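Asks: model this:
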Amino acid sequence: MVTPPAPQVTGYLYPWDVLGDPAAAAWVKNTGVHRVALAAAYHSVRAATPRHPERRVVDAGSAALYVPVTGAWDGSLLSPGDAVEWTGRDDSFAEAAAVIRGAGLPVDAWVVLTHSSAVGSRHQDLCVQNAFAERYRYALCPSQPHVREYAARLVGQVLELGRPDGLVLEAVGPLGFGHQNQHEKTEGAGYSPWVQALLSLCFCGACCTAYTERGVPVDALRKRVRDVVRLHTDSPDTTPETAPDAAEFLPLLEARWDATAALLDACLAAVSSSGTRISLHASPDPWSTGPFVSVEALRRSLLLPLMDNVTAVVACWGDAAQGSATVAAMAAAAPGVTVGSYVLVLPPKPAEAGALSREWGALLEAGSSELHVYHLGLASSGRLDAAAEAVQSVGAGS
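Replies: As a prediction, this is how the structure comes out:
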């Protein structure tokens, strides 16, 4: 068996993980990671800070920009909030990046684009709306021109004010039904992956206009979605791959992919002149919504000719077999792309270096050449030590 080359390892952090901690540069460097993905525009979160000398939890109450919110947003319908309330400063990204660079590590800006309950709550007409006319306030819809403008300006402002060494883009397309929120109360319903996929199809005004322009019978398909959801509500194992009627909804997916590609292209316009390294959270699943953009949208984007210089970071939070299959599927779907594995060091993963290194080794053998480790700041010291040992074990620490 050929040993895969040592991967590049990126560790994920929030600004507050390092600000105010004199030991931060040392413990980040000691993990053995090669780069850090630092949150520059991020959704709301309640985050533990197990090593910080002054605090144990940060409640980031809304989506926020971690570079200054300047007059560049004047006149824009959509604008982000700042993070002063929980960071105590308006430029926490740059300050935290300076700490990390002091450890000799490059810093990529981790930018979440369409996931914002704060912006969505103020502009619900610009959010994803399912076939039952229920809006997902956390999910901005890329079919909306104002949303595409907002995403592009986020990227542009992060590049201009944060001056990162690279970009990690998350939620390039729409979020769907699934929303990992601390108050989420939907799991007991047993909605299958197929029902959740159907409930992620959007019927907002902009999407309906796009469907009509394509000759899609909007009212008939909306009714059909509702009927199929009702039919499959008590079929918890059905997936888009096994659903016999999935092909009926392909025209809706095609419109989603095109809208997502348009949003990504708007963001690329802000990046093109900078030559910035790009990674983006992606999925080989054509039905994918949420943090991981479908490869089908990437095929329609101006990014496609540049994919040999882009890292597609795929979710590998399940077991090693599932992760390996996802890596292989992405490599097959986008030949030439660099595939990165988004790996977890938090529960339910064991705080055991051997288990982590075996799993990561399997992902590398499947074709991954980067590991993106979530999350250095949230992990206990024991978990962090296990992650550092695993990084060394897979060859990244040499």
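
Asks: Every contact and neighbour count from this point should use C-alpha atoms.
Replies: Fine.

Asks: my read is residue 67 is in a helix, agree?
Replies: No - checked against DSSP: H, G, I helix; E, B strand; the rest coil, residue 67 lies outside a helix; its state is coil.

Asks: show me the contacts for it.
Replies: 40, 82, 90, 91, 92, 93, 94, 157, 158, 161, 162 (C-alpha atoms under 8 Å, 6 or more residues apart in numbering).

Asks: Looks like residue 303 contacts residue 265 (just checking).
Replies: Yes - in this structure residue 303 lies within contact range of residue 265 using C-alpha atoms under 8 Å: 7.3 Å.

Asks: more neighbours, those two?
Replies: Taking neighbours as other C-alpha atoms under 10 Å, residue 303 and residue 265 compare with residue 265 leading, 20 against 17.

Asks: per-residue pLDDT, the more buried one?
Replies: According to the prediction, residue 265 has pLDDT 96.

Asks: How about residue 397?
Replies: Confidence score, pLDDT, at residue 397: 42.

Asks: Residue 113 now?
Replies: 98.

Asks: and it, what does it touch?
Replies: So residue 113 contacts 41, 151, 154, 169, 170, 171, 172 (C-alpha under 8 Å, 6+ apart).

Asks: Please flag which of these sit within helices.
Replies: Under the assignment DSSP state H, those contribute 151, 154 to helices.

Asks: CSV please, covering the contacts of residue 113 and showing neighbour count.
Replies: Converted to CSV, the contacts of residue 113 look like this (neighbours: other C-alpha atoms under 10 Å):
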residue, neighbour count
41, 27
151, 24
154, 25
169, 26
170, 23
171, 22
172, 29
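
Asks: so where is this structure shaky, pLDDT-wise?
Replies: 1-4, 180-185, 187-188, 273, 396-398 (pLDDT under 70).

Asks: how does it look with 90?
Replies: Along the chain, the model assigns pLDDT under 90 to residues 1-6, 178-191, 231-237, 269-276, 303-309, 335-336, 395-398.

Asks: hey, which helix is longest across it?
Replies: helix 250-271.

Asks: Past it, which element shows up next along the chain?
Replies: Note on helix 250-271: by DSSP states H and E, the next helix or strand toward the C-terminus is strand 277-283.

Asks: Listing partners with orientation, what would you give for that next one?
Replies: strand 166-170 (parallel), strand 293-294 (parallel), strand 310-315 (parallel) (DSSP bridges).

Asks: Could you identify which of those is most buried?
Replies: strand 293-294 (a mean of 28; mean count of other C-alpha atoms under 10 Å).

Asks: Contacts for the helix or strand encompassing residue 361, please.
Replies: Residue 361 is part of helix 353-365 when elements are defined by DSSP H and E. By C-alpha under 8 Å, 6+ apart, the list of residues contacting helix 353-365 from outside reads 3-4, 7, 319-321, 323-324, 327, 341, 343, 345, 349-350, 370-371, 385-391, 393-394.

Asks: same thing with stretch 157-175?
Replies: 37, 40-41, 67-68, 93-94, 106-115, 128, 138-142, 200, 260, 263-264, 271, 276-281, 289-294.
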